[in-house]
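1. have a look; sequence and predicted model below, questions after that.
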Amino acid sequence: MRRFKLGVGGLVLSLGAGCAANKPAANDTTIAASEQTDTEPATPGETGSPGETGSPDETGSPDETGEAPYTGPLNVLVVLVDTLRADHIQSMGYPVENTPNLLAWSEDAVIFERMISQDKNTTPSLSSIFTGLWPSTHGCCGQGQGQPDHAFETMAEIFQASGYLTATLYKAAALDDWGDFWEGFDERHLVPGDNVDGHSAEELTDYTVAWLEAASERDEPFFAFVHYLDPHLPYRAPDEYYERFVPADNTSTLDGTPEQMNELFATPGYTITDDDIERMLALYDGEIAYWDEHFGRVLDALEGLAIDDRTVVAILADHGDQFYEHANWSHLQYHQEVIHVPLLLRVPGVEGRRVTDRVQTIDLPPTLADLTGVTPAASWPGRSLAGAMVGEALAPTDILVGDADAHAFINKDGLKYILHQPTPNGVRLYDLEVDPLEENDLVQNVELLDQMRAEAAAAIAAAEALRAELLDE
């Protein structure tokens, strides 16, 4: 078992699958509108059983303040930013100044530059994040489907069983209508507030900060999952952000709402213009800047409560969005602008670095378990990325996105097969190593196409076989 020094002073965590060091006790172009409504929440921090924090490490020594270093279990804060593209944040080299708070914070974070989401839609993606399984394994294979089987051990459940207070804070009420995603959470907070034009980061941040204040007073560590809807459509950030990035000479009349977009694009003879695309991208960046402003307040709260040095923070997205790169809007296809998402992890004591190996959503649960010393679920097929965070190389791996009906498959060599629909026009083939923007379709290479189709079919069969094994079917 490998051991790395993480955190301040004498804090030592064992990183390796199953380790327990410092383990605490217990082609349709119709675009849908945002999925959020208001409701009354529970009071932050109102439930959860008390637990014990870890005992001080005997090897710990006082830091420069004269205080003994913290050696207890680490908290975990997972922040999911709905519809955030990896290539639209400054930490990934985006030239627009839309994420200054994330950029400053990420200087000490590990940035995974080639993170792939397990699906193009929210509900299958969330199910993969929570269960650590492929969609064809957990069974949530389309938008609007809930998590159908509670036979699969979730990330929240493994932290709950290890004595963590588990909580989710979110604004998307439709998630409750679509199914129960919250297995293993002690607290479930659907945050209320006036969601003017669909934006909601301010209300969710207010609630999250209050929750963190309450949680910081408790004895047990916490595992919290916060789901921001911004920058999901509609792209209608508050006035000070709404048109911040729109060039003065742009002539498009798009207002950032899916209703207007659908109506305009369905008008006979209408041609989408460069100004339309430029304006929609600018409105999207305004939404991201609005989210970043309030995410900065969460970071301030962690520091102000003096828990930033004992909290693992993960930032990721469920999917991205398209802006006509492949003749489509929203997130209706399996192209890279949709499934290439951010993953930034900041762990106390771990230096910032960039990891260029391709990784995937199902790697997150075993990684967080590894970083905190919590025993991972035996069912998780993903791998811990903890070693990569301190410079270890990751072996290339195959990545399956979606399910049998529609999917993308990226093999170890970076070849990517896409099945949008079972028709000749619904199949795509790319070499991401030389064509990361997917501009050169190789589908006419019949031999290569047959190879990738077979590899994708084998990956789907393995995912379905794992489902049968876990359900004992």
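-> That came through fine.
2. where does this protein have low pLDDT?
-> Residues of the chain that meet the criterion pLDDT under 70 lie in 1-68, 142-150, 177-181, 194-198, 422-424, 473.
3. what's stretch 294-304 in contact with?
-> 77, 79, 81, 100-102, 105, 201-202, 204-205, 208-209, 212-213, 226, 228, 308, 311, 313 (CB atoms under 8 Å, 6 or more residues apart in numbering). Every residue, glycine included, has its C-beta placed from N, CA and C.
4. looking at those, which are in helices?
-> Of the contacts of stretch 294-304, the ones assigned to helices by DSSP state H are 100, 101, 102, 105, 201, 202, 204, 205, 208, 209, 212, 213.
5. ok, now which ones touch the nearest residue to residue 92 once chain neighbours are set aside?
-> The shortest distance from residue 92 to any non-neighbouring residue, by CB to CB, 6 or more residues apart in numbering, is to residue 86 (5.4 Å). Neighbouring residues of residue 86 by CB under 8 Å, 6+ apart: 92, 113, 115, 317, 320, 340, 341, 342.
6. neighbours of the nearest residue to the third one once chain neighbours are set aside, just the number please.
-> What that stands for is residue 115. The spatially closest residue to residue 115, leaving aside those adjacent along the chain, is residue 343, at 3.8 Å (CB to CB, 6+ apart). Neighbours of residue 343 under the rule other CB atoms under 10 Å: 26.
7. repeat for residue 277
-> Number of residues near residue 277 (other CB under 10 Å) recorded here: 16.
8. ok, the one 4 residues further on next?
-> Burial measure for residue 281: 18 neighbouring residues, criterion other CB under 10 Å.
9. residue boundaries of the helices in the stretch 301-450 of the chain?
-> Under the criterion DSSP state H, counting those that start in this stretch, the stretch 301-450 of the chain contains helices at 336-339, 364-372, 446-471.
10. residue 459 contacts residue 401, correct?
-> No. Contact criterion CB atoms under 8 Å: residue 459 and residue 401 do not qualify, at 9.9 Å.
11. the more surrounded of those two?
-> Counted by other CB under 10 Å, residue 459 and residue 401 do not tie: residue 401 has more neighbours, with 29 against 21.
12. partners of the more buried one in the sheet?
-> Using DSSP bridges, the beta-bridge partners of residue 401 come out as residue 408.
13. give the full set of residues in contact with it.
-> 116, 117, 118, 119, 120, 334, 339, 407, 408, 409, 410.
14. can you list these in TSV and add neighbour count and distance to residue 455?
-> Shown next, in TSV, are those (neighbours: other CB atoms under 10 Å; distance: CB to CB, whole Å):
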residue	neighbour count	distance to residue 455
116	23	16
117	29	20
118	29	17
119	31	19
120	27	20
334	25	15
339	28	17
407	25	12
408	25	12
409	23	6
410	28	10
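15. just send those residues back as TSV, with distance to residue 285 too.
-> Shown next, in TSV, are the contacts of residue 401 (distance: CB to CB, whole Å):
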residue	distance to residue 285
116	23
117	20
118	26
119	24
120	21
334	24
339	20
407	30
408	26
409	31
410	27
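16. okay, the helices of the stretch 301-450 of the chain in a markdown table with distance to residue 240 next?
-> As requested, these are exported to a markdown table (distance: least, CB to CB, whole Å):
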| stretch | distance to residue 240 |
| --- | --- |
| helix 336-339 | 27 |
| helix 364-372 | 33 |
| helix 446-471 | 45 |
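17. relative to residue 253, which of the ones you listed is closest?
-> Smallest distance to residue 253 across the helices of the stretch 301-450 of the chain (CB to CB): 23.9 Å, for helix 336-339.
18. how about that closest one as CSV, C-alpha atoms only?
-> Written as CSV, here are the backbone C-alpha positions of helix 336-339 (Å, rounded to 0.1, in the frame of the first residue of the first chain):
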residue,chain,number,x,y,z
GLN,A,336,-16.5,16.5,-27.1
GLU,A,337,-18.1,19.9,-26.5
VAL,A,338,-20.8,17.9,-24.6
ILE,A,339,-18.9,15.1,-22.8
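19. please name every helix or strand in contact with that helix.
-> Applying 3 or more CB pairs under 8 Å, 6 or more residues apart in numbering; DSSP states H and E, we find helix 336-339 packed against strand 322-323.
20. pairing partners for the strand it packs on, with directions?
-> As assigned by DSSP bridges, strand 322-323 forms pairs with strand 329-330 (antiparallel).
21. please pick the buried ones from the contacts of stretch 294-304.
-> Neighbour-count burial (16 or more other CB atoms under 10 Å) is assigned, among the contacts of stretch 294-304, to 77, 79, 81, 101-102, 105, 201-202, 204-205, 208-209, 212, 226, 228, 308, 311, 313.
22. let me know whether residue 100 touches residue 90 as I believe.
-> Yes. Using CB under 8 Å, residue 100 is in contact with residue 90, at 7.1 Å.
23. list the contacts for the residue nearest to residue 245 when sequence neighbours are not counted?
-> Nearest residue to residue 245, sequence neighbours excluded (CB to CB, 6+ apart): residue 282, at 4.1 Å. Contacts here follow CB under 8 Å, 6+ apart; on that basis residue 282 touches 243, 244, 245, 246, 247, 250.
24. helix, strand, or coil at residue 282?
-> helix (DSSP: H, G, I helix; E, B strand; the rest coil).
25. any idea how far residue 275 is from it?
-> According to CB to CB, to the nearest Å, residue 282 stands 10 Å off from residue 275.
26. check residue 300 too.
-> 38 Å.
27. neighbour count for these two, which is higher?
-> Remark: of residue 300 and residue 275, residue 275 carries more neighbours, 16 against 13, as counted by other CB under 10 Å.
28. surely the more buried one is in contact with residue 246?
-> No. At 9.8 Å, residue 275 and residue 246 do not qualify as touching, with contact defined as CB under 8 Å.
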